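>>> next input, structure requested:
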Amino acid sequence: MRIWFNKTFSSITAVFNNLRQARVGQGVTIVSTHTNPAASVFLAADEAWHEPPGLVGAAYLDWCLNFCQQHRIDYFWPAKEAVLIVRHQADFAQVGTQVIAIASPETLTLLNHKGEFYRTVPFSVAAVMACIAVTDSNGFDQAVAELSQYHAALCVKPAVSVFGLGFRILDTQRDSITHLLDGVEYEIPLAELRAGMVHTPTFPELLVMEHLPGEEWSVDCAGRNGQLLCAIQRKKHPQAGYGQEIDNNAAIQGMVERLTVYYGLNGLFNIQFKANAAGEPRLLEINPRPSGGFGMACMAGVNLAEVFLQNLQGETLNIAPLRYGLRVSEVSTPVVLQPLS
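Numbers count the residues shown, from 1 in each chain. Now for the predicted structure:
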């Protein structure tokens with residue numbers, strides 16, 4: 001089975017390793033492409049090819065179709081231009097390639113816009129934090145005033161973002177020079193943020209939210225067309241260097257099962273949660289891709305990549321019991337990316 005991953009995040013390496021270890025059919029060949037000829041993902045792939053930089057939209061779609069034909073791709077696992085490629089999966093089927101679509105194009109678009117996602121997820125499926133979307137300074141003031149009545153601390157983040165970029169807790173006590181000198185991360189002085197809006201009174205959608213101070217979970221999942229095959233919870237330690245715990249929180253497991261059904265999730269994906277001040281888990285986001293901690297999750301005794309591939313091939317699943325209570329982590333390893341001459 002030849003599986004192609006186009007340009008994606010470097011954290012996909014653990015997924016490549018687990019796919020190649022999967023006990024399925026005649027085995028797995030990982031084909032990787034990237035615009036960076038020194039991409040670290042090439043080290044974990046069986047075949048590595050350079051993507052032409054700058055291609056987007058219809059031109060990139062045509063290049064992908066030609067690549068599948070030329071390299072006899074059985075399964076295409078898209079990252080770059082995923083929505084466009086999923087929308088055209090019938091074209092890939094005509095050249096003998098099945099696209100691994102994590103969700104429908106409409107759902108992928110929704111998951112990328114946190115504001116719209118939070119507004120539409122039913123409470124009966126999953127609980128989210130209190131949140132108000134704003135696009136101007138007046139709306140920001142009103143959101144802060146309203147949410148402050150019920151929550152001890154507030155935070156903000158852009159409605160469209162990845163890796164938590166732009167997330168900040170609103171600090172009502174200290175100024176930015178104190179943050180700088182004390183090495184404070186992920187916080188921003190409320191007064192200084194508000195002062196900045198004098199020069200930028202309108203802006204793209206910003207989410208003003210209840211700050212969730214409790215425990216945090218990252219859940220790595222294997223699913224097939226809305227059926228959850230297996231989910232592994234990693235509870236993050238509040239202190240860096242203490243690893244993560246393989247956990248079994250019943251409330252989170254229930255929300256993961258319902259979210260998988262409701263959004264028709266498929267393949268390998270990740271769902272994140274954080275607890276509020278009362279210790280109740282709240283949904284943060286659904287990542288329509290494997291997480292950077294995917295390899296740590298599989299230390300629980302189940303290769304999620306193998307589970308998905310076996311189900312994809314129609315094989316009978318025999319999933320081992322998860323090893324709860326483990327503390328897991330990762331270590332970095334020096335490598336040579338490529339010779340320079």
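>>> ranges for the strands of the stretch 51-200 of the chain?
75-77, 98-99, 131-136, 154-158, 168-171, 187-189 (DSSP state E, counting those that start in this stretch).
>>> sorry, wrong one. I was asking about the stretch 201-341 of the chain.
202-210, 216-224, 227-236, 244-247, 267-275, 281-287, 327-328.
>>> among the ones you listed, which comes closest to Ile188?
When the strands of the stretch 201-341 of the chain are compared by C-beta to C-beta, strand 202-210 sits nearest Ile188, at 11.8 Å. Where C-beta positions appear, they are placed from N, C-alpha and C, glycine not excepted.
>>> re the thing from before, with distance to Ala305, mean pLDDT and mean neighbour count added, can I get the strands of the stretch 201-341 of the chain in a markdown table?
As requested, those are exported to a markdown table (distance: least, C-beta to C-beta, whole Å; pLDDT from 0 to 100; neighbours: other C-beta atoms under 10 Å):
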| stretch | distance to Ala305 | mean pLDDT | mean neighbour count |
| --- | --- | --- | --- |
| strand 202-210 | 33 | 96 | 18 |
| strand 216-224 | 8 | 98 | 24 |
| strand 227-236 | 11 | 97 | 20 |
| strand 244-247 | 17 | 96 | 20 |
| strand 267-275 | 7 | 97 | 22 |
| strand 281-287 | 16 | 97 | 21 |
| strand 327-328 | 17 | 95 | 14 |
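>>> make a markdown table from those and add distance to Glu192 to it.
What follows is those, written out as a markdown table (distance: least, C-beta to C-beta, whole Å):
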| stretch | distance to Glu192 |
| --- | --- |
| strand 202-210 | 15 |
| strand 216-224 | 27 |
| strand 227-236 | 29 |
| strand 244-247 | 34 |
| strand 267-275 | 25 |
| strand 281-287 | 26 |
| strand 327-328 | 39 |
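>>> out of the strands of the stretch 51-200 of the chain, indicate the one that is most buried.
Sort these by mean neighbour count, taking mean count of other C-beta atoms under 10 Å, and strand 75-77 sits at the top with a mean of 23.
>>> nearest to Cys131, out of the strands of the stretch 201-341 of the chain?
Nearest to Cys131, of all those, is strand 202-210, at 4.5 Å by C-beta to C-beta.
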